[in-house]
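Undergrad: Build me a model from this:
(one chain, ligands or ions: 2)
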Amino acid sequence: MNVGVIGTGAIGTDHIRRLTGRVAGARVTAVFDVDTARAATVAAMAGAASHREADDVIDDPAVEAVLVASPGDTHADLVLACIAAGKPVLCEKPLASTSDAALKVVEAEVTYGRRLVQVGFMRRYDGGYLGVKTALAAGRIGEPLLVHCVHRNVSVPPSFTGDMSLTDSLVHEVDACRWLLDQEIVAATVVDVPHSPLALPQLRDPRLVLLETERGIVIDAEVFVNARYGYDVRCEVVGTTGTVALDAPSTGVVALEGGRVQALPMDWEARFGQAYVDELQAWVDAASQGTADGPSAWDGYAATAVAEAAVASRGARTKVDLAERPGLYSGESLP
Ligand SMILES: NC(=O)c1ccc[n+]([C@@H]2O[C@H](COP(=O)([O-])OP(=O)(O)OC[C@H]3O[C@@H](n4cnc5c(N)ncnc54)[C@H](O)[C@@H]3O)[C@@H](O)[C@H]2O)c1
Ligand SMILES: O[C@H]1[C@H](O)[C@@H](O)[C@H](O)[C@@H](O)[C@H]1O
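TA: Ligands and ions are numbered 1, 2, ... in the order given. Prediction:
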């Protein structure tokens, strides 16, 4: 399958490497980035053409499917153009920067009549999260009652501003919990905690968010994007008869000077590298049949709607205003 890539920054370049080296059945034939020098370098690395506009990638007759890895506020328009061209698209999260824009994507796909969009919520492909999902589906911990989540990044670039820890980071917890519990999140409350003096002033960091699901399960999610010490993602579901949690990522333990030290990943690539490969393989397999699988446009819409409620919360419980879920998105399965 010939893939066109829009956005050749950090994750776009990583995805291109994966598509060319670790995923079966795909090659990257065209790229676009507003940073033309960067696009040219990456195009040369991949043996692809470097196009002058994003639309030239989407409309390139040789391109069979598109991967969008530009900044979040560019996603919705690019995905709409892919749907208009009838091309499968893997869109990095978030699907859109507003729920209205995300809903337009959902509506366009429903009008098209079949799924073309997969959203880059790669945690659904991680072995740890899949283990939690399998235990829940088998009823191993009885009825889920609450979920504890932690999402810590070492640091973020200066372009990470405002409420991005909710709109760009918390969306992973939102998607993972919706998927694990198989229900929508209906309310969000952001609790004030002190600002870390090491965080950039243009962010509130860390954030503590309480999410409530439609069947009354409560999720507490800490998002701390300047945690400095490592990339630390945790999730524990507490049920009526037990709990199930992500294991620590497997690394060696160094014993020395009277102590034991276990290494932590320092970024998402180190923590979720295999999940990205599995995500891309699932995408290529579905897209080469002209369709999409895994996290859908509806999932992207729901995650953005919850993040929007969290942004609006300012300490108060805020309801998530979700549209009615179209039939196209019922009956989704494990990846
Ligand atoms: N799933 C994940 O774990 C994960 C990890 C990292 C990033 N992301 C997402 O991927 C996207 C990109 O993140 P990144 O870390 O690679 O950012 P980045 O800043 O490293 O790269 C973004 C690239 O997009 C280019 N760009 C900007 N505007 C553009 C436009 N209009 N058209 C085409 N290209 C444009 C920039 O020049 C840059 O090269 C974001 O939406 C981010 O949330 C997801
Ligand atoms: O764009 C990145 C990416 O989605 C990572 O997986 C997440 O840990 C970061 O917080 C976010 O900024």
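Undergrad: Pick out the residue in the stretch 201-335 of the chain sitting closest to ligand 2.
TA: residue 268 (4.0 Å; C-beta to the nearest ligand atom). Just so you know, the C-beta spots here come from the backbone N, C-alpha and C atoms, and that holds for glycine as well.
Undergrad: So, low pLDDT: which residues of the protein?
TA: The chain contains residues with pLDDT under 70 at 331-335.
Undergrad: Could you list the domains of it?
TA: According to automatic domain parsing, the chain comprises the domains 2-122+277-287, 123-267+297-323.
Undergrad: Which among these is found nearest to ligand 1?
TA: Here domain 2-122+277-287 is closest among those (C-beta to the nearest ligand atom), at 1.7 Å.
Undergrad: what's the span of that closest one, first residue to last?
TA: Start and end residues of domain 2-122+277-287 are separated by 10 Å (C-alpha to C-alpha, to the nearest Å).
Undergrad: That one close to ligand 1?
TA: Yes. Using C-beta under 6 Å from any ligand atom, domain 2-122+277-287 reaches ligand 1 at 6-12, 32-35, 38, 54, 69-72, 74, 92-93, 120, 122.
Undergrad: Tabulate the domains of the chain (a markdown table), appending mean neighbour count.
TA: Formatted as a markdown table, these follow (neighbours: other C-beta atoms under 10 Å):
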| stretch | mean neighbour count |
| --- | --- |
| domain 2-122+277-287 | 20 |
| domain 123-267+297-323 | 18 |
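Undergrad: okay if I get those domains as JSON lines plus distance to residue 330?
TA: Listed next are those as JSON lines, based on distance: least, C-beta to C-beta, whole Å:
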{"stretch": "domain 2-122+277-287", "distance to residue 330": "12"}
{"stretch": "domain 123-267+297-323", "distance to residue 330": "9"}
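Undergrad: mind checking which of these is nearest residue 329?
TA: Among the domains of the chain, domain 123-267+297-323 comes nearest to residue 329, with 3.8 Å by C-beta to C-beta.
Undergrad: just how off-centre is that closest one within its chain?
TA: Offset of domain 123-267+297-323 from its chain centre (C-alpha atoms, centre = their mean, to the nearest Å): 12 Å.
Undergrad: quick revisit: which of the residues of domain 2-122+277-287 next to ligand 1 fall within helices?
TA: 10, 11, 12, 38, 54 (DSSP state H).
Undergrad: what two of these have the greatest distance between them?
TA: 10 and 54 (18.1 Å).
Undergrad: coming back round to it: can you pull the contacts of the residue of the stretch 201-335 of the chain closest to ligand 2?
TA: The contact partners of residue 268, by C-beta atoms under 8 Å, 6 or more residues apart in numbering, come to 153, 231.
Undergrad: How about residue 8?
TA: 16, 31, 32, 33, 35, 38, 39, 42, 43, 69.
Undergrad: can you do 6 Å?
TA: With contacts taken as C-beta atoms under 6 Å, 6 or more residues apart in numbering, residue 8 has the following neighbours: 31, 33, 38, 39, 42.
Undergrad: Roughly how far does the closest residue to the fourth one other than its chain neighbours sit from residue 74?
TA: So the one you mean is residue 39. Leaving aside its sequence neighbours, residue 39 sits nearest to residue 33 (C-beta to C-beta, 6 or more residues apart in numbering; 3.8 Å). Counting by C-beta to C-beta, to the nearest Å, the separation of residue 33 from residue 74 is 11 Å.
Undergrad: Pretty sure residue 261 sits in a strand.
TA: Yes. Under DSSP: H, G, I helix; E, B strand; the rest coil, residue 261 falls within a strand.
Undergrad: In contact with it, which residues are there?
TA: Per C-beta under 6 Å, 6+ apart, neighbours of residue 261: residue 254.
Undergrad: If it is in a bridge, with which residues?
TA: Under DSSP bridges, the beta-bridge partners of residue 261 are residue 254.
Undergrad: ok, now which ones touch residue 98?
TA: Applying C-beta under 6 Å, 6+ apart, no residues qualify as near residue 98.
Undergrad: From residue 105, how far off is it?
TA: 11 Å.
Undergrad: Quick check: closest non-adjacent residue to the one residue in the chain that gets nearest to ligand 2.
TA: Distances between the chain and ligand 2 by C-beta to the nearest ligand atom are smallest at residue 169, namely 3.4 Å. Among residues not flanking residue 169 along the chain, residue 223 sits closest, at 5.0 Å (C-beta to C-beta, 6+ apart).
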